[in-house]
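Visitor: 3D, please:
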Amino acid sequence: MKIAIWHECYIQGGSDWSMIDLINSWPNKNDQFYIFINESHTGINLIKKKLSFCNINLYRSISEDYKFTQISKNKLLDKFLKFFYVLKIIIHKLFEYRQLINLYKYDVLIYNNGGYPGGLSGFVAASLSRFKRKKNYMIVRNYINKNFKDDYLLLFLKYLSNLVFYKVITVSESLNCNLKKNTGIKKHKFVMIHNGVSISNKVSNSIDILFKGNHKKIGIIGSLEKRKGHEILIYAIKDLLDRKKLDLKVYIIGPSDSDNLERVIKLIDKFKLKKYFIFHKFSENIGGIIKQIDMVVMPSQKNESFGRVAAECMGYMTPIIASNTGGLKEIITDNYDGMLFPKEDYRKLSHKIEILLLDDKFKNIIIKNAKTKFKQNYDSKIMSLNYRNLIKI
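Guide: Residues are numbered from 1 along each chain as shown. Here you go, the predicted model:
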């Protein structure tokens, strides 16, 4: 089977790693992959490195060629004019992408998306593919925050999605419900396949000097977006240190190019906690980092449709504490294979951290149960097999 993957992203992250793990764990090694990536994506080099055996092609996305600015001061008229502007762009791109997509004879096209609707180029590619009578699948990895009835573009994409996509694949039941309610896409088109992660290609044996020492190590991994809840963790650490004298460090692991970075630093300085926090850039050796810390905290506030980091922690045998939001509460069973807390309750988070730091017996039970769940549900080999069974021709 020959599979085309249309990938539109702009910042290296979970969508890239999910695609990498999906292909590297693919059950049939005779299948071939053709990958199309937009030129300005910061994850191109990572994908080329990890998927060097695939045919990789670059294209210019709609967002790279066109800037969507206000056309009219009248909001209703502006929406109306933007709809026809987008329609004009899509027609132009149909001719451009037709030459690119015709380079290969493929059986199936997968649009690897972030949040819905994501980049518009994938809809153009899928339209071309549908014209060639191929089956198209769209992977959606995050929530839509408005209803299709309130937006001309979403209303148009509702009809287009129903026409060109055979199935829409979501990564959690929580996301499944959100998309069924808000996109207008026919409900029978939705299929849920949990993300899976590989723990074999993200580990180095080298020990990072920042993690040396006997102090307790707490990690928070991911972008510094406000929705990730870094402030909640800072409040929890202050509450914990006000109650207990503990030798600990909190490692904020992720890219530092975020508008929220300044806000996070100011809060740390306000509470005089600078000596307890260390910023560490994101690394391809994320498995090596996770294995060196005592626990990972995911205090996400919204738009956490799955929780890839939580699954990785289960696989690397590092306990996870997460907010009970989105897909996280599907992955984690509280006090069994991880711990959950109400997403805005930093005091509850503080007490959960304390339990894991001081109760080794409980911590080891959590780790054992989490590893079992990972093997049964979230290993990338399981995910890839589910995809192969879905799209096989």
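Visitor: For the lengthiest helix in the chain, buried residues please.
Guide: If you go by DSSP state H, the chain has its longest helix at helix 75-101. The neighbour-count check on helix 75-101 (16 or more other CB atoms under 10 Å) flags 82, 86, 89, 90, 93, 97, 100, 101 as buried. Yep, even glycine has a C-beta here, placed from its N, CA and C like the rest.
Visitor: Next: stretch 363-379.
Guide: 363, 366, 367, 369, 370, 373, 374, 378, 379.
Visitor: Now the fourth one. Nearest residue, chain neighbours left out?
Guide: Closest residue in space to residue 369, ignoring its immediate chain neighbours: residue 337 at 4.1 Å, by CB to CB, 6 or more residues apart in numbering.
Visitor: Do you know the pLDDT at the one you found?
Guide: If you check residue 337, the pLDDT there is 98.
Visitor: okay but it is in contact with residue 314, surely?
Guide: Yes - counting by CB atoms under 8 Å, residue 337 touches residue 314, with 6.8 Å between them.
Visitor: hmm, back to that, so who does the residue nearest to residue 369 touch?
Guide: Contacts for residue 337 (CB atoms under 8 Å, 6 or more residues apart in numbering) come out as 314, 366, 369, 370, 372, 373.
Visitor: Check residue 240 too.
Guide: 246, 350, 353, 354.
Visitor: just checking, it is part of a strand?
Guide: No - per DSSP: H, G, I helix; E, B strand; the rest coil, residue 240 lies outside any strand segment and is helix.
Visitor: mind checking how far it is from residue 271?
Guide: From residue 240 across to residue 271, the span is 12 Å (CB to CB, to the nearest Å).
Visitor: and of the buried residues of stretch 363-379, the nearest to residue 153?
Guide: The closest of the buried residues of stretch 363-379 to residue 153 turns out to be residue 378 (CB to CB; 34.2 Å).
Visitor: how much space between residue 250 and residue 316?
Guide: The gap separating residue 250 from residue 316 is 18 Å, by CB to CB.
Visitor: just residue 262 next, same as before
Guide: Counting by CB to CB, the gap from residue 262 to residue 316 is 31 Å.
Visitor: which residues touch the strand or helix carrying residue 217?
Guide: Counting by DSSP states H and E, the element that carries residue 217 is strand 216-221. Strand 216-221 has contacts (CB under 8 Å, 6+ apart) with 211, 228, 230, 233, 237, 246-254, 282, 286, 289-290, 292-299, 309, 353, 357.
Visitor: Then stretch 265-282?
Guide: Outside stretch 265-282, the residues that touch it by CB under 8 Å, 6+ apart are 208, 210, 221, 231, 234, 237-238, 241, 248-256, 289.
Visitor: Narrow those residues to those in helices?
Guide: Residues from these lying in helices, with DSSP H as the criterion: 231, 234, 237, 238, 241, 289.
Visitor: so what's the fourth one up against?
Guide: Taking CB under 8 Å, 6+ apart as the contact definition, residue 238 lies against 271, 273.
Visitor: And for the third one?
Guide: When the contact criterion is CB under 8 Å, 6+ apart, the partners of residue 237 are 218, 248, 250, 273, 276, 350, 353.
Visitor: Need those residues in CSV (columns: pLDDT, distance to residue 158 and neighbour count).
Guide: Shown next, in CSV, are the contacts of residue 237 (pLDDT from 0 to 100; distance: CB to CB, whole Å; neighbours: other CB atoms under 10 Å):
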residue, pLDDT, distance to residue 158, neighbour count
218, 97, 43, 25
248, 96, 49, 16
250, 97, 44, 23
273, 97, 48, 15
276, 97, 49, 20
350, 98, 44, 22
353, 98, 44, 27
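Visitor: Of these, which belong to strands?
Guide: 218, 248, 250 (DSSP state E).
Visitor: which of the residues you listed lies closest to residue 196?
Guide: Among those, residue 218 lies closest to residue 196 (CB to CB), at 25.9 Å.
Visitor: Beta-bridge partners for the closest one, please?
Guide: Taking DSSP bridges as the rule, residue 218 bridges to residue 250, residue 295.
Visitor: ok, it to residue 148 distance?
Guide: For residue 218, the distance to residue 148 (CB to CB) stands at 41 Å.
Visitor: Residue 292 now?
Guide: Applying CB to CB, the value for residue 292 to residue 148 is 45 Å.
Visitor: ditto for residue 391
Guide: Between residue 391 and residue 148 the distance is 26 Å, computed by CB to CB.
Visitor: One more: residue 92?
Guide: Using CB to CB, we find residue 92 at a distance of 24 Å from residue 148.
Visitor: do the same with residue 269
Guide: Distance of residue 269 to residue 148, given as CB to CB: 44 Å.
Visitor: quick one: which of those two has more around it?
Guide: More neighbours surround residue 148 than the other of residue 269 and residue 148, with 22 against 11 (other CB atoms under 10 Å).
Visitor: Isn't the more buried one up against residue 179?
Guide: No - applying CB under 8 Å, one finds residue 148 not in contact with residue 179, separated by 10.3 Å.
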